[in-house]
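> Generate a structure from the sequence data that follows.
(chains A and B)
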Amino acid sequence: MLRLIALCCGLLGGGPAVADLMAVRDQHILPGYAAFAAASKALEKTARDDCSPRSVLPVFHVAFDAWVSISHVQFGPVETRGASLSLAFWPDPKDRVGKALARLSHDQDAAVQTPDAFAQVSVAVQGFTALERLLTEPQGDPAYACRLTHAITRNIRRIADALTRDWNSAFGTAFVTAGAASNPTFPDSKDAERAVFTSLSTALEFLHDQRLGRPLGTFERPRPKRAEARRSDRSARHVILSLTVLKDLTNVFAHTPLGQVNAAFDAALARVAALDDPAFAGVSDPVRRLRIEALQHKVRELQIVVARDVGVALGINTGFNSLDGD
Amino acid sequence: MPSRRRMITTALAATVLPAPTWAAAGAPTHLAAARRPGGAHDLCGLRADGTLAFALPLPARGHAAAAHPDRAEAVAFARRPGTFAILLDCATGRIVRRMQAPEGRHFYGHGVFSRDGRTLFTTENDITSGDGRIGIWDAAAGYRRVGEIPSNGIGPHEIIRLPETDTLVIANGGIHTHPDSGRDKLNLETMRPNLTVLDVHGGVQDTAELPAALHMNSLRHIAAFHDGRVACAFQWQGDPYDSPSIAGLYTPGAGIALLDMPEVTLRGSRGYAGSVAVLGTHHMGITFPRGGRLLVADLASHAVKTLRRADACGIARAGQGGLATDGLGGVHRIDRHGFSLLARHRRSFDNHLIAIR
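Predicted structure coming up:
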C-alpha cells in the first residue's frame, strides 16, 4: 500500500495524495441536503394544495431525484435517524410496502393525522417507495390515499429538514475536525475519510448488485418486476443520478490522479444513457438484456479502479473482512 | 478428576519438556491473524491494552487460531478448504510442526484445546461423504492424530468449549462444499444447520436447529457463557433483503432463539455476521463487517445497541467486556457503553480474535 502511494507521488512529482473533507462538506454534502430540503418542501406544499397524482407526480420526481442524489451519504445523521430506510424502502422482496399500505388503508389508520404518530408506522410506507405506489397505481379509497400522500410528503420534508439541520451544526463540524482532541464522532483523522470512502464504495456496490443485479436476476430467470422504482419509470434514472453524484463526490474528495476513475464513470454513464429502457424491462429480452449486462460490467470495472485509485491511494481501502466471507 | 497415571505422565512431560508459558511470549491475552502492509501474513499476540506482544510470520493467510491454555503454543488454521495447520511456538516464533489433515479430510478453519491442553479438536470435512468431522489430536504427544468423531452435521465451522468444562459445542453450518469446487455451496436447498453439544465422551448431548423455514440461516460462529448458554452468529444464504435475524442465543434444553435486530442494522449487515463473543455475564457482541456495524445485546434487559466501525470483524471477551479488531489495524475496547480505540497497528486484522484463556 505504501509502495503504491509512493509510486503515485513519484509519478506526479507533487505532494502526497490527500482527501479534502472541507470540500466534501461544503461543495457536495451541504448542497445535496439543501437541494433535497428545498425539493421536499415544494413536494409537501404541492400535495397539500392538490393531492391528485397529476399534480404531485412532477414534484415527486424532483424530490426523489434530490434524495437519490444525496442518499449515498450513509453515515452521520442519516444513520442515527435511520432515515435511509424510511425515505426509500427498497429492495423489498416480500412486498412489505404493498402490505403495509393495504393495512393502513383497510384500518383507515389515524396515524396519518399527526407527524409523530406517522413516524411510528411501518418504515416501509414512510417515504418515496410508498408514495410512488399512491401516485402510479389505482387507489380503491382515493380520500384515504390523499391523506396518506399528505402524511408521507410531510414526513419526507421533516426528515430532510432534520438532516440538513444536523449537517449544518454539530455533525458537520465534527466531520471537518476529524482527529482533533475531544472529537468522539471521528477520533482518528482517517475515520471521516473512511466514512466517505465507505459511502462511495457501498453506493457503487449497491448500483451493481441491487439496482442492476436485482432486475437482471439470471439469464434463465430475469426479474423485471424487481427493478427499483419501475412503476414511475425511474430505474435507469436512478443509475444515472447515482453515477453522476458519485463522480462528483470522488472528484471533490480525492486529490489523487483520477484520470482512469473519471473515464470509468463516463463509460458507465454513456452505457446507461444509450439504453433507452427507463424501467429495465429489457432484462427479459435476450438482446436488450446484453446491453444492461454490459452496463453492469462497466460498473464493476468502476468499482475496481475506485478501490485502487481512491481507496488504496489514500490508504483508506476497506474490505479486508467485509469483502471476505467465512 | 485426573487419574494417578495421568498426573504422573503430566509431571514427567513437564520435567522432560519445559515448554514456555504465555508469559514468555510477551504475555498476550488474545490471538489474531493479520495481513501486513507488504502483503505477508502473520499471527499476532495482543495484550488487553491493545499492544502487540508478538507478530510471527505465517506462510499463508490464516483464518482462526487455537491457543493452548498454558503453553505458548498456537495452532493457526489455513483458510478453508485448507489441508494444513501451523503449530507455532509463540515464545520463539518457530514453526514447530505443520499439521497435515488426514487423507480425505480438510480443515474448516477452527479448533479448540481441551481444558487441560492435552487434546486439540478441529472441525473438518469428510470430502467424499460431505459429513462433518471433529479431528482429535494429541497435543501432549507431538500433535499426533489420534482419532475423529462425527460433528453431527454438515460443514462444521467454529468449535468451542463450555467454560471450565470439556463439553464441546459445534456450529454445524449445514453447507456442503467440496474442494474441487472451492467454496461453492452445493446444497442450499436442503441445508439444515445445527448447534451440537458433545459430552466429554463425544456423545451428542443436545442438538438445536432453527425452524425449517429458516434452514438457510447458516450457523457459523459461537461463543459460550459460563451458564451453558451459547451466543450464535449466522450467515443467511437467501436474499439479503429478506434475511431473518442473524444473531441468536442457544439455551440448554430450550433450543435457539433469534434476537430482535434493529431493522437498519439487519438490512445493513447483508445477511452476514462475522464473529461473536460473550462480553461478561449477560452481554454478547456480534460483528457485521459488511455493514461496518456491531451489535451489543444485553440478554437480561433485551436492550440492543448498534455500534459502527468500518470492517470490524474480530471480537472476543476480555474481562467484563471485550476487544474488537478491524481490517484497518484498530484494536478497540468494547463494553456496554460503546467502543474506545486502544491502538492502531500497521496491518489488517483478519476475521477472528481469539481469547487465550
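> now residue A:299, nearest residue through space, not along the chain?
residue A:208 (4.5 Å; C-beta to C-beta, 6 or more residues apart in numbering or on different chains). Where you see a C-beta, it was placed from the backbone N, CA and C, and this is true even at glycine.
> Quick check: the one you found touching residue A:298?
No: using C-beta atoms under 8 Å, residue A:208 makes no contact with residue A:298, being 9.6 Å away.
> mind checking which helix or strand the one residue sitting closest to the centre of chain B is in?
Nearest to the mean C-alpha position of chain B, counting by C-alpha atoms, centre = their mean, stands residue B:158 at 4.8 Å. Element membership for residue B:158, per DSSP states H and E: strand B:156-161.
> contacts for that strand?
A:326, B:64, B:108-115, B:121-124, B:132-134, B:167-173, B:219-224, B:230 (C-beta atoms under 8 Å, 6 or more residues apart in numbering or on different chains).
> What is the subsequent helix or strand relative to it?
strand B:168-172.
> Get me the contact residues on the stretch 151-300 of chain A for chain B.
A:187, A:188, A:190, A:194, A:195, A:198 (C-beta under 8 Å from any C-beta of the partner chain).
> Run through the helices of chain B in chain order.
Here chain B has its helices, by DSSP state H, at B:4-16, B:263-269.
> Report the separation between residue B:125 and residue B:137.
Distance of residue B:125 to residue B:137, computed by C-beta to C-beta, to the nearest Å: 16 Å.
> Chain A contacts on chain B?
So far as C-beta under 8 Å from any C-beta goes, chain B lies against chain A at B:35, B:37-38, B:63, B:79-80, B:109, B:157, B:183, B:220, B:235, B:239, B:241-242, B:262-264, B:267, B:272, B:274, B:289-290, B:292, B:308, B:310-313, B:326-328, B:341, B:344, B:348-351.
> Which of those are buried? Put it as a ChimeraX command.
Here is the ChimeraX selection string for the buried members of the residues of chain B next to chain A, based on 16 or more other C-beta atoms under 10 Å in any protein chain shown:
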select /B:35,63,79,80,109,157,220,235,241,264,267,272,274,289,290,292,308,310,311,312,313,326,327,328,348,349,350,351
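> Okay, and which of the residues of chain B next to chain A map to strands?
Within these, residues falling in strands by DSSP state E are B:35, B:63, B:109, B:157, B:220, B:235, B:308, B:312-313, B:326, B:341, B:344, B:348-351.
> Excluding sequence neighbours, find me the nearest residue to the residue of the stretch 51-200 of chain A found nearest chain B.
Closest to chain B within the stretch 51-200 of chain A is residue A:91: 4.2 Å, counting by C-beta to the nearest C-beta. Excluding its sequence neighbours, the residue lying closest to residue A:91 (C-beta to C-beta, 6+ apart) is residue B:241, at 4.2 Å.
> Same question for residue B:130.
residue B:176 (4.5 Å).
> and the gap between whatever residue of the stretch 201-350 of chain B ends up closest to chain A and residue B:292?
Chain A sits closest to residue B:327 of the stretch 201-350 of chain B, with a gap of 3.2 Å, by C-beta to the nearest C-beta. Distance of residue B:327 to residue B:292, given as C-beta to C-beta: 10 Å.
> Likewise for residue A:249?
The value you get for residue A:249 to residue B:292, if C-beta to C-beta is used, is 18 Å.
> What of residue A:293?
Distance of residue A:293 to residue B:292, computed by C-beta to C-beta: 29 Å.
> Tell me which helix or strand in chain A has the weakest average pLDDT.
helix A:2-12 (a mean of 39; mean pLDDT, DSSP states H and E).
> Give the other helices and strands that the top strand by length along chain B contacts.
Ordering each strand of chain B by length in residues (DSSP E) puts strand B:144-154 first. Packing partners of strand B:144-154 (3 or more C-beta pairs under 8 Å, 6 or more residues apart in numbering or on different chains; DSSP states H and E): strand B:119-126, strand B:131-138, strand B:168-172, strand B:194-198.
> Could you export the ones you listed as TSV, including mean pLDDT?
Shown next, in TSV, are these (pLDDT from 0 to 100):
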stretch	mean pLDDT
strand B:119-126	97
strand B:131-138	97
strand B:168-172	98
strand B:194-198	98
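> Going along the chain, name the strands of chain A.
A:18-19, A:254-255.
> quick one: average pLDDT of the first one?
Strand A:18-19 carries an average pLDDT of 86.
> ditto for the last one
Model confidence over strand A:254-255, given as mean pLDDT, is 94.
> Identify the residues contacting stretch A:37-45?
Under C-beta under 8 Å, 6+ apart, the answer for stretch A:37-45 is A:56, A:59-60, A:62-63, A:65-67, A:153-154, A:156-157, A:159-161, A:163-164.
> With residue B:137 as the reference, measure out to residue B:194.
From residue B:194 to residue B:137 the distance is 24 Å (C-beta to C-beta).
> Residue B:210 too?
31 Å.
> ok, now residue B:310?
The value you get for residue B:310 to residue B:137, if C-beta to C-beta is used, is 37 Å.
> Check residue A:171 too.
53 Å.
> out of the two, which sits in the more crowded spot?
For residue A:171 versus residue B:137, neighbours defined as other C-beta atoms under 10 Å in any protein chain shown are more numerous around residue B:137 (24 against 19).
> Next up, the contacts around the more buried one.
If you count contacts by C-beta under 8 Å, 6+ apart, residue B:137 has them with B:99, B:119, B:120, B:121, B:122, B:143, B:144, B:145, B:146.
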